[in-house]
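[1] from the sequence below, what's the structure:
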Amino acid sequence: MTNHSLPNAQDVTFYVALWKRPGITRIQFDDYWRDVHGPVCARLPGQHEYWQYHLADLEGGFFPAIDGVEMVAQGPDQFHGIAELTFLNADQRQVWFGASAILMDDEHNIFSKAIGYTTSPGNSRTLVDRYPSNTPNGQFPGIRYHVMLQKRADVNREEFRDHLATSVFQKLAKLNTISRLRYHLFDDLDLSRPDAQGVVHNEPLESQYHAAFEIAFPTPMDREIALASSDYSEAMGQIGNYVSMLKPFPEASAYTFVYDDAMTIAGMRGSSTAQLIEQLGATNQLRDDIRGLMLKGI
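    This is a model prediction of the structure:
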């Protein structure tokens, strides 16, 4: 399968690592974030795309070890989800930030920490995308990982970015058995959105990430072939000179709330309702009159 239309390389991103609030179950966290918080966020202006990635625990065991690079999440390093929002430009992202106070009020219900990273134009790119659709509402086909990267303290940001963009990611993109590869090179931690009661938005410098990438495989066999290949070894061969931490969080499920400037059914009605509509083939729920009714006033 060939790549379908890839996102504009000039898009900018807001990429948020999310930790569950103590006192609620993981099921409550997933359900509320997906079916309550998600549709609220989808209604804010400015966003081009909005995905939720619900993560499984990172325990290691699949990605080959790299000398001198930490690869297993311990205790507070283990977060539970990633929200990825894209915008056509930084001005539109600022429009979203300016309207997000109502969303910050809701963060208190499910998050203990929400660490948001931004990217500048050209620093969020999709290099491979062999999926027939980029609007999941549940489990994505195959196996997908969201890999967080921290640069070494003795490496400057430009050297780190240059090695990742021109060496690591370009070589990974040549692997025949991957189905998706998307990367983000982060700016300084963004603290411009409103505060949220009881939710941490800041992170010590030593705990911040500097990049992330998403890599997916159609099957476990494809994953093992890719990770055992000489091409993978070549791509990652020098990464220990630039990276101190590489943490591949496995994805449990993914949900799309805004795509191509428009709310999805999950964005309008919640993910679980959207799944029911699809399962029952309720095409009347897709009509413009019902869409207009559910979006009245927006």
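[2] sort out which residues of stretch 249-268 are buried, please.
    Applying a neighbour-count criterion of 16 or more other Cβ atoms under 10 Å, one finds 249, 251-259, 263-268 buried in stretch 249-268. No exception for glycine: its C-beta is placed from N, CA and C like everyone else's.
[3] quick one: it to chain centroid distance?
    Its chain's C-alpha centre and that of stretch 249-268 lie 11 Å apart, by Cα atoms, centre = their mean, to the nearest Å.
[4] ok so, going back, in strands, which of the buried residues of stretch 249-268 appear?
    Cross-referencing the buried residues of stretch 249-268 against strands under DSSP state E gives 249, 251, 252, 253, 254, 255, 256, 257, 258, 259, 263.
[5] farthest pair within those?
    Pairwise distances among these were taken by Cβ to Cβ; the largest, 26.8 Å, belongs to 249 and 263.
[6] picking up where we left off before, go through the buried residues of stretch 249-268 and name the one nearest residue 168.
    residue 249 (17.9 Å).
[7] roughly how far does that closest one sit from residue 72?
    In this view, residue 249 and residue 72 are 11 Å apart by Cβ to Cβ, to the nearest Å.
[8] any common contacting residues for these two?
    Common contacts of residue 249 and residue 72, defined by Cβ atoms under 8 Å, 6 or more residues apart in numbering, comprise residue 58.
[9] quick check: buried residues in the helix or strand bottoming out on mean pLDDT in the chain?
    Ranking every helix and strand in the chain by mean pLDDT, DSSP states H and E puts helix 288-294 at the bottom, with a mean of 86. If you call a residue buried by 16+ other Cβ under 10 Å, then helix 288-294 has these buried ones: residue 291.
[10] tell me what it is packed against?
    helix 265-269 (3 or more Cβ pairs under 8 Å, 6 or more residues apart in numbering; DSSP states H and E).
[11] helix or strand right after the helix it packs on?
    Using DSSP states H and E, the helix or strand that follows helix 265-269 in sequence is helix 271-280.
[12] from the chain's centroid, how far away is that next one?
    Its chain's average C-alpha position is 23 Å from that of helix 271-280, according to Cα atoms, centre = their mean.
[13] repeat that for stretch 108-117.
    Between the centre of stretch 108-117 and the centre of its host chain there is 14 Å, according to Cα atoms, centre = their mean.
[14] what's next to that stretch, contact-wise?
    Residues outside stretch 108-117 that contact it (Cβ under 8 Å, 6+ apart) are 14-22, 24, 28-29, 32-33, 36-37, 79, 107, 184, 186-187, 189-190, 193, 196-203, 208-209, 212.
[15] any of those residues buried? List them.
    For those, buried by 16+ other Cβ under 10 Å: 14-21, 29, 32-33, 37, 79, 107, 184, 186, 190, 193, 196, 199, 201, 203, 209, 212.
[16] among those residues, which lie within helices?
    When DSSP state H is applied, the buried ones among the contacts of stretch 108-117 are split such that 29, 32, 107 fall in helices.
[17] residues contacting the last one?
    If I follow you right, that is residue 107. Applying Cβ under 8 Å, 6+ apart, the residues contacting residue 107 are 37, 114, 196, 199.
[18] so the third one makes contact with residue 105?
    Spelled out, that is residue 196. Yes - contact criterion Cβ atoms under 8 Å: residue 196 and residue 105 qualify, at 7.1 Å.
[19] excluding chain neighbours, what is closest to residue 177?
    Using Cβ to Cβ, 6 or more residues apart in numbering and skipping residues adjacent in sequence, the residue nearest residue 177 is residue 222, 3.8 Å away.
[20] typed the wrong thing, it's residue 81
    residue 18 (4.3 Å).
[21] alright, I will stop here.
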